[in-house]
Structures are given as structure tokens and as C-alpha cells.
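[1] sharing a model prediction with you, sequence too.
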Amino acid sequence: MDIRRLPASQGLVWFRQAIDLGAKNPRAVFGAALLAIASLYTAALLMVLVLATLMLGGKAVGSNPDLGVVMAVALPLTLAIMVLVPVLLGGLMHVIRETEAGRKVRARDVFAPLRNAQGRRLAWLGLVQVVLAVIGGLVMMAIAGGDYWHDYMQAMQSVMQGAAPVLPEPQHPGLLFLVQMTFNYFSYALMLFSIPLMLFSGCNVSTALRHALRASVINLSANLLVGVLFLGALMLAAFVVLLVAGLLGVIGNLIHAVVGSLLMMLAMVGFAAVVLVLLAGASYLAWRDTFSDAASPPPVTHIHGFEA
């Protein structure tokens, strides 16, 4: 599979195109994002309820919660959520792709990957993320120092007991930050490229990961630019949304506390849906323009007078 070499400024094109995604069928695209969020929130809520039951059960009998037991329960539940994430992201990319092609698609088609074997294989990418997280944790542990993680776990134990934690200082904080940022880039790039490679290009897991790694290196500058733009816009928009949500909460509280909380929740969920569409959309566009056999024309290199 050939990989197109793209200029760094292609990242800006992807970002601007991603902002316009969903205009053709906003009901399907943003509805799919809301369904994906609802699914993840439901899974996360179930995990929180189970963990809260364990912690409150320990306090009810007069003993502190056993961190080992809590972690033993939390890990498989977290694993289940991580397995679900690439499947739902793939479903959202499917809805975006069908919308951009002008084909009929509905919000509930976000679950389309669950209806075929190729889509269900996306769950393996969740396991890959778990393996990468373990490897990354071991690397970070080696850089930060063994005592750091021991002290960090003690701080978390203090939080569970209701005490104020004292967070430790890692060794080599600059190197730790640099390695963590590099590791995060490649782990996210692997997943976001591998999802459409498996779902649309028909690659298996290992082939998708290999092509995704090549693309993340060959077009490093374009990928980094769209990532920086995305994170910058996310932080700015999050600040604005928090202000708006707070204002809606105050206005709603004048009617009833429940109304205020509901308005704040709606604002935050709406923001999350927009973020998810941008993330999935930019990833889909990057796949479409990066891989020459992606059944698409050469990438657009200019938008509204801007040339990549």
C-alpha cells in the first residue's frame, strides 16, 4: 500500500475540512456521535457503580477499601471500555464517510461495525492500546524512578481514604515529558490510522498497524500540525463551553436546581459530540488523503484561498 507524502500544511487543510464535516447530514453525524458518547458513558457509569459499591462496602464493615481488590475489578472493566472505543470510533467514521459520499445513512449506523466481522475486529485495537499503555507505563516508571510510582500509589490510597494526597516528584521530569509526548503521538496515530485501514481498506490488525506506523513517520509534520490545532481548539473551546455551561446552570437554578444541572449537562454533552466528530473526521480525512489506494482522488490542498 503506497503512502502519499504530504506537506506539513496539509494538517491545516484537514482541520478546516473536519470543521465542515456533518454539514450535509448533521442529524446522522452528530446523532451518531451522541449515541457513541451515550454508550461510553453507560459503560463508564456501570464501572463507577461497581467500584463505588466495593469502596462503600468496605467502609460499611469498618475497614478501608482494599486497593488491590479495587484494581482487580477496575482493570477488566476498563479493558471492556477500551475495547469498545475503536469500534464506536469506526462506526462514527463510517457515518462520516457515507455522508461525504452522499449515501443514505442514519445515526444508529454508528453501530454498523458490530454487524460484520471486519468491524468487530476493531476491538483488537483496544487490546493493542492496553499493551501500549503497559509498555508506556514501564518506560515511564524506569524514567521517573521506582520510588515515584510507589509514592504515587500511596497518594492514591490516601485519596480513597479521604485524606489529602502528597504527590511525589519524578526524576528527570523533562525527559519524562518528552518521552511521554512522543509515546502518546505514536499510540494515538496508530489507533486513528488503523481504524479506517481495517474498516475501509480491509487490512488485518498487523497490516493496519504496520501501515499506520509508516504513515505516522512519513507525514509526521502534517499529523503533528493537525494534532496541535485540534488540542489548541479543544482547550479554547472547553474554556468557552465551561463559561456557557456555568451561565446556563445559574439561569437554570433560578427555575430549579435540576433544570440548572440538566442545562449544564446538555452543554457538556453537546461539546463532547462536536469534539468526537472533529476527531473522527480528521482521522478519516487523514486516512483518505494519505493512502493512495483509499479509493479517493488526490487530496485537496487548498480551501478558501489557502494552499497546502
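    Cool, the structure landed.

[2] please enumerate the strands of this protein.
    For the chain, the strands defined by DSSP state E cover 302-303, 306-307.

[3] by mean pLDDT, show me the worst of the ones you listed.
    Mean pLDDT is lowest for strand 306-307 among the strands of the chain, at a mean of 44.

[4] in the stretch 51-200 of the chain, which segments are predicted with low confidence?
    55, 57-70, 146, 157, 159-166 (pLDDT under 70).

[5] quick one: contacts for Val226?
    Shown in contact with Val226 (C-beta atoms under 8 Å, 6 or more residues apart in numbering): Gly11, Leu12, Trp14, Phe15, Ala282, Ala286. All C-beta spots, glycine's among them, are computed from the backbone N, C-alpha and C.

[6] equivalent analysis for Gly249, please.
    Contacts for Gly249 were tallied using C-beta under 8 Å, 6+ apart; they are Gly260, Ser261, Leu263, Met264.

[7] report the contact partners of the second one.
    Read it as Ser261. Contacts of Ser261 by C-beta under 8 Å, 6+ apart are Gly249, Gly252.

[8] look at it and report its pLDDT.
    Note for Ser261: predicted pLDDT of 90.

[9] check the last one too.
    For Met264, the model assigns a pLDDT of 92.

[10] surely it meets Ala245?
    Yes: here Met264 lies in contact with Ala245, judged by C-beta atoms under 8 Å, at a distance of 4.5 Å.

[11] buried ones among the contacts of Gly249?
    Those of the contacts of Gly249 that meet the buried threshold are Gly260, Leu263, Met264, by 16 or more other C-beta atoms under 10 Å.

[12] CA atoms of stretch 135-150 as PDB?
    This file holds the C-alpha atoms of stretch 135-150, laid out as PDB (Å, rounded to 0.1, in the frame of the first residue of the first chain):
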ATOM      1  CA  ILE A 135       4.800  -0.700  27.800                       C
ATOM      2  CA  GLY A 136       4.500   3.100  28.200                       C
ATOM      3  CA  GLY A 137       3.900   2.700  31.900                       C
ATOM      4  CA  LEU A 138       7.000   0.500  32.300                       C
ATOM      5  CA  VAL A 139       9.100   3.100  30.300                       C
ATOM      6  CA  MET A 140       7.700   6.000  32.400                       C
ATOM      7  CA  MET A 141       8.400   4.000  35.600                       C
ATOM      8  CA  ALA A 142      12.000   3.500  34.600                       C
ATOM      9  CA  ILE A 143      12.500   7.200  33.800                       C
ATOM     10  CA  ALA A 144      10.500   8.500  36.800                       C
ATOM     11  CA  GLY A 145      12.200   6.100  39.300                       C
ATOM     12  CA  GLY A 146      10.800   3.200  41.200                       C
ATOM     13  CA  ASP A 147      10.100   5.200  44.400                       C
ATOM     14  CA  TYR A 148       7.900   7.600  42.400                       C
ATOM     15  CA  TRP A 149       5.300   5.000  41.500                       C
ATOM     16  CA  HIS A 150       5.300   3.500  45.000                       C
END
